[in-house]
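[1] got a predicted structure plus its sequence, pasted below:
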Amino acid sequence: MIEKCKLIEFPQKGDDRGHLVIVEGNRDIPFEIKRVFYIYGSDRDVIRGRHANYNTEFVLINVAGTSKVKVDDGTNQKIFSLDRPHTGIFLPKMVWKDMYDFSEDSVLLVLASEHYDAEEYIRDYEQYLKVVETWKEESME
């Protein structure tokens, strides 16, 4: 699953008035956008996320400042740095995510494929590992 996590560079437009970045669902990102939220005001030592989702896919974009995202599929881990407002990271469903190392001016925009549903969040890492193992076994049958 971790190989599906990838950086996406969005087209930039602009002129002497400034820059414009356009992100369209089902065009620039691989899903229809059903929810948008953003994280700001987090200290550098705060870790956000700490969950996986059964159904929701995400694209994370630091529209201001910087942050890091560690993704984990139960076997492999990878760290992405988000430091350009025209670059995001695609996170498929069932990937554990930790967002951290926020700069003081960080604004992390999150685009989600599903409406919020607390029941589809896995918030305990040990439970996540069990679910992933079961999921892998079922997909091999």
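    Thanks, I have it.

[2] and Glu114, how far is that from Ile2?
    From Glu114 across to Ile2, the span is 21 Å (Cβ to Cβ, to the nearest Å). Placement of C-beta: from N, CA and C, glycine included.

[3] my error: substitute Thr87 in the last question.
    Separation of Thr87 from Ile2 (Cβ to Cβ): 18 Å.

[4] same check, this time on Ile29
    Counting by Cβ to Cβ, the gap from Ile29 to Ile2 is 18 Å.

[5] which one's more surrounded, those two?
    Between Ile29 and Ile2, Ile29 has the larger neighbour count (other Cβ atoms under 10 Å), namely 20 against 17.

[6] quick one, what contacts that one?
    By Cβ atoms under 8 Å, 6 or more residues apart in numbering, the contact list for Ile29 reads Ile8, Val23, Val59, Gly88, Phe90, Leu111.

[7] per-residue confidence at it?
    In this model, Ile29 is scored at 96, pLDDT.

[8] and Trp135, by the same measure?
    Looking at Trp135, the pLDDT reads 76.

[9] hang on, it in a helix?
    Yes: if the criterion is DSSP: H, G, I helix; E, B strand; the rest coil, then Trp135 is within a helix.

[10] these two touch, right, Lys78 and Ile2?
    Yes: shown here, Lys78 and Ile2 form a contact pair, counting by Cβ atoms under 8 Å, at 5.6 Å.

[11] between those two, what contacts are shared?
    Val71.

[12] which parts of the protein are strands?
    Here the chain has its strands, by DSSP state E, at 6-9, 12-15, 18-21, 35-40, 48-53, 58-64, 67-72, 77-82, 87-91, 96-100, 107-112, 121-122.

[13] packing partners for the third one?
    Right, the one you point to is strand 18-21. Counting contacts by 3 or more Cβ pairs under 8 Å, 6 or more residues apart in numbering; DSSP states H and E, strand 18-21 packs against strand 12-15.

[14] buried residues in the strand it packs on?
    For strand 12-15, the neighbour count (16 or more other Cβ atoms under 10 Å) marks no residue as buried.
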